[in-house]
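Enquirer: Here is the input, now give the coordinates:
(2 chains)
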Number of protein chains: 2
Amino acid sequence: MTSRFIAALLAAAAAPLAAQAPAPPPPVAVDPAVAALRDDAAANDHYAWDITEGLTTEVGQRLAGTEAEARARAWSVAKLRAMGFTNVRVDGFPVTTPVRGAESAEILAPFPQKLVVNGLGGSGFTGPEGVTGEVIGFDSVDSLRLAPDEAVRGKIVFIDHRMAPTQDGSGYGQFGAPRRAGPTVASLKGALALVIRSIGTDRDRMPHVGVMEFQGGARPIPVGALSVPDAEQVERILKRGQPVTMRLRIQGQRVTGVSGNVIAELTGRDPALAPVLVACHLDSWDLGTGAIDDAAGCGIVAAAAKRIMDRGRPLRTIRIVWFGAEEIGLFGGVDYQKRYGTQPHHAIAESDFGADRIWRVNSKLGPARREEAKRLAAALAPLGILTGSFDAAEGSDIGAMIAAGVPAVGLSQDGTRYFDLHHTANDTLDKVDPVQLRQNVAAWTTLLAVLAGPVKRPLGKSRRRR
Amino acid sequence: MTSRFIAALLAAAAAPLAAQAPAPPPPVAVDPAVAALRDDAAANDHYAWDITEGLTTEVGQRLAGTEAEARARAWSVAKLRAMGFTNVRVDGFPVTTPVRGAESAEILAPFPQKLVVNGLGGSGFTGPEGVTGEVIGFDSVDSLRLAPDEAVRGKIVFIDHRMAPTQDGSGYGQFGAPRRAGPTVASLKGALALVIRSIGTDRDRMPHVGVMEFQGGARPIPVGALSVPDAEQVERILKRGQPVTMRLRIQGQRVTGVSGNVIAELTGRDPALAPVLVACHLDSWDLGTGAIDDAAGCGIVAAAAKRIMDRGRPLRTIRIVWFGAEEIGLFGGVDYQKRYGTQPHHAIAESDFGADRIWRVNSKLGPARREEAKRLAAALAPLGILTGSFDAAEGSDIGAMIAAGVPAVGLSQDGTRYFDLHHTANDTLDKVDPVQLRQNVAAWTTLLAVLAGPVKRPLGKSRRRR
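Expert: Just a heads-up that it's a prediction; the model follows:
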């Protein structure tokens, strides 16, 4: 999940819910065939785990534009074909990727010690000797903005903050300013470099990376994220009141490469109808194996489509898109929209917020399709999923298409521990809870069973069954 | 805490408790002055936090024999003097320390990816190019022992295991064999190198380091600890059944340096009496800031002595020892025993198992002092501390002196989460719970109040009070 996702997420989380009192699930009958698909997924799904385990084990990290992401695409094409999907293909596009080099940070005075740091995506790079300067600390980007330029010029700026975990992930928007706005503000004030407290809710010695960009003509400076314990250490050292000197080394290079979206379909009984698109992103940051961000999302949506396939053929085509290059700037979503954005889609939805249980369904199918949205909500309610807004949906790569008016659904995952792990080395398979993963698959299977229309077995297969 | 501590720990935990049914705390009257000291510490102590925070912030990691440990000694001497202790001094001794260089591990085939590794203390070193070989996996040291030499020769051995968290830390003994015995067994079988699953109970991408040695004439080979998620990744990759190639780089050097024990005293009213020694170790591993291992221990024992000092003067001298070079081989304990081991000690005790709450008191004061041991147990009971054995005690640096018959007490801390953090980069101040830390100080203050004898205010001070 990238930072740009946050606008849509906050819009979905805040405004519509505040505007209307929580309502009980609407009293709408649930199709027994939908309920059966849902309950079977909740009890028995293994497809999502297989994909999540396979992708994270056999490929590992999948930084956009690198040969690792290319291996992930090859793996995905083979996997989706083996699962029986059709029209499996890659839509390629060029990208420029920041590739990490040697990185380090250390306090030289008054208390010499090493700190744990990683460069942010979009940071300026230092040479092997790094940059050395006095540290000036701020508790927020706003405090930095208020500081006189001459106090900041030539110094290494440190920005602290406090990010609380939240179920809906809204803390990422509220507390993410040091990463998103900090670099530009620091650069325009003439800072030598910037280090921020990681945008994360854990207390582990692993920085949270992520993408950022210099805006308004700000020249690139080195920008690093300290792990939360290291940021707290810097805060304590600064409080001693003595001048603090830091050496920061953020080496790396921008590499031009190729990314791509992996697309696969389960063709509907009426291929002329607009498809239902379910998505995730295939790329990951380079530190972990991208299990919760977002191999699990790919596992969830493909598992749901496969479970429909196992029962037969839906009315509408189900299109799976595993987007490329999400992390470095939502480029997969941009490419898809450019190619297919004007074609009708019955609905679009993306899983990109981990693998913990889904607690809410939002939808934005339009006023004319309120009954369809209510049928979806009713079918999801037995999974413990409450009905949110009928006028909002969220998604990272698909955010621009939602904004452009494409009908969409948002299945909100519990984000309470998401930002303990997000964009860190700790994003690995062991963090995925198989039971909650199955609940996700059950919800997405329900989504497809409702939106893609009745599933019917082809005549030949139906006969063989007797 | 080092591995050698484990023998004493297991002896204390297993045999005596199994031999006798749990008994309620003995019905012994508690001196109101002792109770007051105890309860005041539990409610109000800040000395232990001040020391723990100061040492980890102003010094940070304190690898034995390095200039960082020397800075820690200077810090400690100044701190203990400022607190009012007397006879503050350093007993120095030479050590040889393994200093970490560049370290990395990566799977080259069949699924290329980087792994998170750190070298163990005592490992052989590679050149910058590392060593490359086929990986052969075992689920235990015993499995490795049973393997034919020709299956192991020239390969990189991987040893897995499963370590469960336990309150008394006994898992460290039961599951630590890959680190303690693995290197020798692998080397004698002709292995190119060894990587083990970290001896730890967490699922974080941070290896647990620790000391090891090659025995029985085994030649040094590179030995690395993989983080638990990385070890699980290797396990999954090996299960695919294809040949697995790994490159392992463990650079470093052995450096000759100086370590030392920092000693300070609160002189008793009768200096001719044998002192009560309370200890911790000042050095740490190099990855974290050694907060739970063992800055907190130093904070706890000095805080307890300072709280006695604040009330006056005990009958016996209280001697604080902050041992040096514990982690790399208990050398501080060896030096102390060599210098003072034949002098009488009324009791010795060491805090070196984190800062979580103390749940049990063991003691080994000898049959003639059973009433004293019971008085101690009774005074500790209100802190939720149960009475363990009267014939066992434990301690890392003081283990050899306990074995030699010096009277000793063991205050057992809850170790359930200790091996989540032990010897990792994650051993930082934020892992210390101030409330549990105060419970520790209360217990150690009680220990000193009982064992060092009645605390009395000097006549001068007493007069000023009126």
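Enquirer: switch to C-alpha atoms for all contacts and neighbour counts from now on
Expert: Noted.
Enquirer: Please identify the residues of the stretch 1-150 of chain A in proximity to chain B?
Expert: A:T57, A:E58, A:V59, A:G60, A:Q61, A:P110, A:F111, A:P112, A:Q113 (CA under 8 Å from any CA of the partner chain).
Enquirer: Could you identify the most distant pair in the residues you listed?
Expert: Within those, A:E58 and A:P110 form the most distant pair, 45.7 Å apart (CA to CA).
Enquirer: When the two are compared, which one has more neighbours?
Expert: Taking other CA atoms under 10 Å in any protein chain shown, A:E58 and A:P110 do not tie; A:E58 has more neighbours (20 against 16).
Enquirer: Tell me where the longest strand sits in chain A.
Expert: strand A:86-109 (DSSP state E).
Enquirer: Listing partners with orientation, what would you give for that strand?
Expert: strand A:113-115 (antiparallel), strand A:245-266 (antiparallel) (DSSP bridges).
Enquirer: after the shortest one, next one along is what?
Expert: Looking back up the chat, that one is strand A:113-115. strand A:117-119 (DSSP states H and E).
Enquirer: now do the longest one
Expert: Towards the C-terminus, the helix or strand next in line after strand A:245-266, according to DSSP H and E, is strand A:276-281.
Enquirer: which residues touch that following strand?
Expert: A:293-295, A:297-298, A:301, A:316-326, A:345-352, A:397, A:448, A:451-452 (CA atoms under 8 Å, 6 or more residues apart in numbering or on different chains).
Enquirer: One more pass at 7 Å, please.
Expert: Identification of contacts with strand A:276-281 by CA atoms under 7 Å, 6 or more residues apart in numbering or on different chains yields A:294, A:297-298, A:301, A:316-324, A:326, A:345-352, A:452.
Enquirer: Also stretch A:62-78?
Expert: A:59, A:61, A:88-89, A:95-97, A:257-259, A:262, A:283-286, A:324-325.
Enquirer: Can you tell me which of those residues are buried?
Expert: A:59, A:61, A:88-89, A:95-97, A:258-259, A:262, A:283-286, A:324-325 (16 or more other CA atoms under 10 Å in any protein chain shown).
Enquirer: Report pLDDT for the closest residue to chain B within the stretch 351-466 of chain A.
Expert: Going by CA to the nearest CA, chain B is nearest to A:N426 of the stretch 351-466 of chain A, at 5.5 Å. pLDDT, A:N426: 98.
Enquirer: just A:R162 next, same as before
Expert: 86.
Enquirer: and if you look at A:F5?
Expert: pLDDT, read off for A:F5, is 50.
Enquirer: hang on, the earlier thing: buried ones in the longest strand of chain A, by neighbour count?
Expert: A:88-90, A:93, A:95-100, A:103-109.
Enquirer: same deal with stretch A:339-355?
Expert: A:G341, A:H345, A:H346, A:A347, A:I348, A:A349, A:E350, A:S351, A:D352, A:F353, A:G354, A:A355.
Enquirer: Please apply the same query to stretch A:133-152.
Expert: Buried residues in stretch A:133-152 (16+ other CA under 10 Å): A:G133, A:E134, A:V135, A:I136, A:G137, A:F138, A:D139, A:S140, A:V141, A:L144, A:V152.
Enquirer: Just to check, the third one is in contact with A:T245?
Expert: Yes. Under the criterion of CA atoms under 7 Å, A:V135 is in contact with A:T245, at a separation of 5.9 Å.
Enquirer: Could you name every residue contacting both of these two?
Expert: By CA under 7 Å, 6+ apart, no residue touches both A:V135 and A:T245.
Enquirer: Now name the helix or strand holding the closest residue to A:F214 other than its chain neighbours.
Expert: Excluding the flanking residues, the one nearest A:F214 by CA to CA, 6 or more residues apart in numbering or on different chains is A:T184, at 5.0 Å. Assigned by DSSP H and E, A:T184 belongs to helix A:182-188.
Enquirer: tell me the mean pLDDT over that helix?
Expert: The model assigns helix A:182-188 a mean pLDDT of 97.
Enquirer: Before I go, just wanted to say thanks for your time.
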